[in-house]
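Undergrad: the following block contains a protein sequence and its predicted model.
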Amino acid sequence: KVEKDNACDRCDVAEEASKAAKGRADKAEDEVAELVAKSRQLEVEVDMTAEKFSIVSLQLEEKEKALLAAEAEMNALSRRVSSLEEDLEITEEKLVSASTKLDKAGTAGDDAERAKKVYQNKAEDDDKRITTLEKELKEAREKAEAADTAYDEVNKKLGTCEADLEKAEERADVGETKILELEEELRV
């Protein structure tokens, strides 16, 4: 009878230990579920950040293309101004050689001056546009750097979550092992 009482006492102790182990295992499962949810949320945030980075990269490429187009236009305008200045010199030479073409040369000179002013105004507008594009490019680069920083932070958080998940899995494994040991003891 004493052995039976001792066996019952051991059984009660084993049942209490089993309940405690089940409680810890349930808690570990809850923690794992929570970490999985956090991991999913971090993945969504990483995807959103990558999408924003792609958009900013595309915008940056568009700005760079616009800048190259503006530079090409400015070069074309410079060549055109040079050409007009050469035309004006030729016209002045013709003025010296032929006074009868004085009126025509004067008109051509006036036209060239007006065109020169137009092109100078266009060049000034292009300079302003280039300045604006440079500012936008700088802002886009800053946004890209901010996106990189955010990505690094999210990546660090994900690493921490994965480490916590591994710890929780280890605790659950230890709990299961203890439960199996207790069940083995109960069978014996």
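TA: It's in.
Undergrad: ok, the closest residue in space to residue 179 that isn't next to it in sequence to residue 31 distance?
TA: For residue 179, ignoring the flanking residues on the chain, the nearest one in space by CB to CB, 6 or more residues apart in numbering is residue 21 at 4.8 Å. In short, each C-beta sits where N, CA and C put it, glycine included. Going from residue 21 to residue 31 by CB to CB, to the nearest Å gives 15 Å.
Undergrad: can you tell me the centre-most residue of the chain?
TA: The centroid of the chain falls nearest to residue 53 when counting by CA atoms, centre = their mean (2.6 Å).
Undergrad: ok, now which ones touch that residue?
TA: Contact analysis of residue 53 by CB atoms under 8 Å, 6 or more residues apart in numbering lists 144, 147, 148, 151.
Undergrad: any idea of the pLDDT on the third one?
TA: Among the per-residue scores, residue 148 shows a pLDDT of 91.
Undergrad: that one sits in which helix or strand?
TA: Using DSSP states H and E, residue 148 falls within helix 102-187.
Undergrad: packing partners of that helix?
TA: Applying 3 or more CB pairs under 8 Å, 6 or more residues apart in numbering; DSSP states H and E, we find helix 102-187 packed against helix 2-97.
Undergrad: could you give the angle of the helix it packs on to helix 102-187?
TA: 170 degrees (axes from the mean of the first three to the mean of the last three CA atoms, to 10 degrees).
Undergrad: quick check: mean pLDDT across helix 2-97?
TA: Here the average pLDDT along helix 2-97 is 88.
Undergrad: same thing with stretch 164-173?
TA: In this model, stretch 164-173 carries a mean pLDDT of 90.
Undergrad: now it - C-alpha only, CSV.
TA: Provided in CSV are the C-alpha atoms of stretch 164-173 (Å, rounded to 0.1, in the frame of the first residue of the first chain):
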residue,chain,number,x,y,z
ASP,A,164,13.8,35.0,-31.0
LEU,A,165,11.9,32.4,-33.0
GLU,A,166,14.8,30.0,-32.9
LYS,A,167,15.0,30.5,-29.1
ALA,A,168,11.3,29.8,-28.8
GLU,A,169,11.6,26.7,-30.9
GLU,A,170,14.4,25.5,-28.7
ARG,A,171,12.3,26.1,-25.6
ALA,A,172,9.4,24.2,-27.2
ASP,A,173,11.8,21.3,-28.1
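Undergrad: for the residue nearest to residue 179, give me its contacts.
TA: Applying CB under 8 Å, 6+ apart to residue 21 gives the contacts 175, 178, 179, 182.
Undergrad: which of those residues has the most neighbours?
TA: Neighbours here mean other CB atoms under 10 Å. Within the contacts of residue 21, the largest count is held by residue 175, at 20 neighbours.
Undergrad: so how far is residue 168 from the closest residue to that one other than its chain neighbours?
TA: Computed as CB to CB, 6+ apart, the closest residue to residue 175 that is not its neighbour in sequence is residue 25, at 4.6 Å. With the distance defined as CB to CB, residue 25 ends up 11 Å from residue 168.
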